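>>> Show me how the following folds:
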Amino acid sequence: MLRSILRSSTSNASRRGFASGASPERKVAILGAAGGIGQPLSLLMKLNPLVSRLALYDIAGTPGVAADVSHINTGSEVVGYMGDENLGKALEGSDVVIIPAGVPRKPGMTRDDLFNINAGIVKSLCTAIAKYCPNALVNMISNPVNSTVPIAAEVFKMAGTYDEKRLFGVTTLDVVRAKTFYAGKAKVNVAEVNVPVVGGHAGITILPLFSQATPKANLSDDEIVALTKRTQDGGTEVVEAKAGKGSATLSMAYAGAVFADACLKGLNGAPDVVECSFVQSTVTELPFFASKVRIGKNGVEEVLGLGALSDFEKEGLEKLKPELKASIEKGIKFAHQN
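All right, here's what the predicted structure looks like:
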């Protein structure tokens, strides 16, 4: 995705911000643009030729980020917005809203520890989205995604603007990690690897389906177990490697840019745009679940099934359900009680 963006950034189409006569102008808003994820995500979205207008919002520091990013020689117009009083201006007319806002995870901190702070931020931002751009595709990055997506859904329901097709939990980083780890172990070209990741976006709720990975590789059961565990613990691996000075910001920004690109392509009518995402679902008995989703002009066009699972994956699916159910219910409860 990044290589294709860099190639196209030098084209005439990119200098205009969209393909000649092919793609409509699209506005993307990033809420939390001055943060550890927001800054590299802003850079990557500035490189995307499908973006015509890029609105960068945060409570502080946004003018500097916007000025910096705006000097990049691609076609999109960049405007920075700072403070609560300018949130509406940032959101108005947005086609896609990406939300990486929130505090980062620190050593020893679980995603659940982040809940109270980030849940409050998400609720406030989604209240504004419901008012200023209710038809935008919302890409939720703020953790814990297993709870923040249900919070957003309840906020939109209370505002009378909820459309389950337009709310996505971004679980793409789990897919990115699964592809990378699988390619390393299987000794195959990572650019050709595909690994669906289902469930949720925290710990054991992350279930990579290595039995469906392509290209096929003859990995042992122990290797599959180890790859699954590493994918589930990928965030902790980065936090520990940074020794308390950060979390997975760069890889998350890349994953967020990949998913936003898929949403823009879907909105523009590109065929067969499929990504894994945490969405309202009937794939299991849970109200929200991550699986492969077909993205089109209306957002979610189709939630795809799980396909054939190995015995190990079937066991993992049953193990994750209680934890994911509790996280979803926690988010719904927060939305109504706070």
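>>> what about the helices in the stretch 201-338 of the chain?
Along the stretch 201-338 of the chain, the stretches classed as helices by DSSP state H, counting those that start in this stretch are 221-232, 234-241, 250-267, 311-337.
>>> Among those helices, single out whichever gets nearest to Asn194.
Evaluated over the helices of the stretch 201-338 of the chain, closeness to Asn194 peaks at helix 250-267, with 13.0 Å, by Cβ to Cβ. Where C-beta positions appear, they are placed from N, C-alpha and C, glycine not excepted.
>>> tilt between that closest one and helix 234-241?
150 degrees (axes from the mean of the first three to the mean of the last three Cα atoms, to 10 degrees).
>>> Using the three-state scheme, assign Ala29.
strand (DSSP: H, G, I helix; E, B strand; the rest coil).
>>> wait, doesn't it sit right on Thr62?
No - applying Cβ atoms under 8 Å as the test, Ala29 and Thr62 come out as separate, 11.5 Å apart.
>>> what's the overlap in contacts for these two?
Residues touching both Ala29 and Thr62 (Cβ atoms under 8 Å, 6 or more residues apart in numbering): Leu56.
>>> which of the two has more neighbours?
Ala29 (30 against 25; other Cβ atoms under 10 Å).
>>> any idea where the strands of the protein begin and end?
Counting by DSSP state E, the chain has strands at residues 27-31, 53-58, 77-82, 96-99, 137-140, 167-169, 197-199, 206-208, 274-280, 288-296, 299-303.
>>> nearest to Pro150, of those strands?
Closest among the strands of the chain, using Cβ to Cβ: strand 288-296, at 6.1 Å.
>>> and that closest one, C-alpha only, in PDB?
In PDB, the C-alpha atoms belonging to strand 288-296 read as follows (Å, rounded to 0.1, in the frame of the first residue of the first chain):
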ATOM      1  CA  PHE A 288     -19.700  -7.200  17.500                       C
ATOM      2  CA  PHE A 289     -17.000  -9.400  16.000                       C
ATOM      3  CA  ALA A 290     -14.000  -9.000  13.800                       C
ATOM      4  CA  SER A 291     -13.900 -11.000  10.600                       C
ATOM      5  CA  LYS A 292     -13.400 -10.300   6.900                       C
ATOM      6  CA  VAL A 293     -15.600  -7.500   5.700                       C
ATOM      7  CA  ARG A 294     -16.400  -6.400   2.100                       C
ATOM      8  CA  ILE A 295     -16.300  -2.600   2.000                       C
ATOM      9  CA  GLY A 296     -18.200  -0.500  -0.600                       C
END
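>>> before we move on, back to that, among the helices of the stretch 201-338 of the chain, where is the model least confident on average?
Lowest mean pLDDT of the helices of the stretch 201-338 of the chain: helix 234-241, a mean of 94.
>>> Counting neighbours, which bits of that helix end up buried?
Buried residues in helix 234-241, counted by 16 or more other Cβ atoms under 10 Å: 234-236, 238-239.
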